[in-house]
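Peer 1: Give me the fold of what follows.
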Amino acid sequence: MKYVVLLGDGMADEPMAELGGKTPLQCAHTPFMDRLAREGQVGLAQTIPEGFPPGSDVANLSVFGYDPASCYSGRSPLEAASMGVSLNAEDVSFRLNLVTLGENDDQQIMEDFSAGHISTEEARDIVLTLQRELGTEQFQFYPGVSYRHLLVWRGGIDSMNFTPPHDITGQSVEGQLPRGEGAEILLELMERARGILASHPVNERRRSEGKRPANAMWLWGQGRAPHMQTLQERFGLSGAVISAVDLIKGIGIYAGLDVIDVPGATGYLDTNYLGKAEFALEALKTRDYVYVHVEAPDEASHGGLVQEKIQAIESFDKLVVGTIVEGMQSMGDFRLLVAPDHPTPLRLMTHTDKPVPFILYDSTGEFLTDQPVAGYDESSAASTGLFIDQGFRLMEKLVGC
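Peer 2: Sure, this is the predicted structure:
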């Protein structure tokens, strides 16, 4: 038996007046997911446990089959694993976003949490400059992908509070900066970085091209290295993870999976959907399990881009779900889990902790039910009455535990 998880990040949403009271998932043309829903099991799963922030870190841990209550220590340590950055027990890792801060009525505004989706090459130049100018034995800066990077505080403090920058797009940053024990040290570092970024050649070039500059670094998602069993230890599965996002790759590394990099996978709307599916099918020739993550729907939601989100969902359905389902027909028996990690309503442009719609499909018909649905969307999933209140149990249902 082969097992595949197909994760459309942030696909779930709310009914929207401009879409005639429908959600983007209901408006999108998704024949492949609709067929899987009709021939499988559909319901809702709570991937964000009570009391946890509705982040992709917590939600994807759940979908991978891990109880966040027992292993979650923060987002950034997971990303550090993907980037090959080792953390000792006393070290604290922070997500470092390159952002664009603007001014409005004498207030600093979070103009863009991604600095105009700055390219990886430009961002690398900036982060390496920060390392040269600000790096010490205590603080180290590591470049990642696009706007997503890493700061490690060796022997640091992890008790301060932060606000994810995508939660405050277009809002004042007053009261949202790091706060609590140790915050003053990070605030000084962030202020020094602003001085360096103001005249950085990359930003001067971006301004001349009419692009948003990466004029500030924003720290959040801190934590220490977690302790997790591998999927081989838990379920006897060998596998791989496919994603453009360091967070998902990092969870995969802690889960004992091989990380497969796909050319053209960007973590944005222009990602290589088809390539991810084709590499997943190749990986399944020698492995039991593959986790395929597509960030595009979530990025569209964070930008408030309605039509782009619908298009991202349709591309996910046709190029990822459709390609993998068709390609697995010759591989023998298989099972699929299709789901978002969390909702990302366009109205809010950030995540919520509401349950997500899922599909469980078994090529042998094991998941067929007497409660058929017309297709895959939030309303259809709610109509079945099937509710998984601990999202990490989805993996157990997928593998038959």
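Peer 1: measure stretch 198-218 end to end?
Peer 2: Length of stretch 198-218, first residue to last, C-alpha to C-alpha, to the nearest Å: 15 Å.
Peer 1: can you give me how far whichever strand or helix holds residue 397 is from the chain middle?
Peer 2: Using DSSP states H and E, the element containing residue 397 is helix 393-399. Here helix 393-399 is found 20 Å from its chain centre; the criterion is C-alpha atoms, centre = their mean, to the nearest Å.
Peer 1: ok, residue 79 touching residue 95?
Peer 2: Yes - at 6.4 Å, residue 79 counts as touching residue 95 under the criterion of C-beta atoms under 8 Å. Just so you know, the C-beta spots here come from the backbone N, C-alpha and C atoms, and that holds for glycine as well.
Peer 1: which residues do those two both contact?
Peer 2: Taking C-beta atoms under 8 Å, 6 or more residues apart in numbering as the contact rule, residue 79 and residue 95 both touch 148, 150, 221.
Peer 1: does the second one really touch residue 93, like I thought?
Peer 2: Pointing back at residue 150 there. Yes - contact status for residue 150 versus residue 93: in contact at 6.3 Å, counting by C-beta under 8 Å.
Peer 1: Which one of the two is surrounded by more residues?
Peer 2: Using other C-beta atoms under 10 Å, the more surrounded residue of residue 150 and residue 93 is residue 93, with 30 against 23.
Peer 1: can I assume that one is in contact with residue 79?
Peer 2: Yes - the criterion here is C-beta under 8 Å, and residue 93 meets it with residue 79 at 7.4 Å.
Peer 1: in the chain, which residue is closest to the centre?
Peer 2: The centroid of the chain falls nearest to residue 56 when counting by C-alpha atoms, centre = their mean (4.6 Å).
Peer 1: So it is in contact with residue 243, correct?
Peer 2: No - under the criterion of C-beta under 8 Å, residue 56 makes no contact with residue 243, lying 10.5 Å away.
Peer 1: and residue 222, helix, strand or coil?
Peer 2: Following DSSP: H, G, I helix; E, B strand; the rest coil, we place residue 222 in the strand state.
Peer 1: and the closest residue to it other than its chain neighbours, what does it touch?
Peer 2: Once flanking residues are discounted, residue 222 sits nearest to residue 94: 4.7 Å by C-beta to C-beta, 6 or more residues apart in numbering. Residues counted as contacts of residue 94 (C-beta under 8 Å, 6+ apart) are 76, 150, 151, 152, 153, 186, 219, 220, 221, 222.
Peer 1: What residues does the residue nearest to the residue nearest to the centre of the chain when sequence neighbours are not counted make contact with?
Peer 2: In this structure, residue 56 finds its nearest non-sequential neighbour in residue 341, 5.6 Å apart by C-beta to C-beta, 6+ apart. By C-beta under 8 Å, 6+ apart, residue 341 lies in contact with 7, 9, 10, 47, 56, 59, 60, 62, 63, 356.
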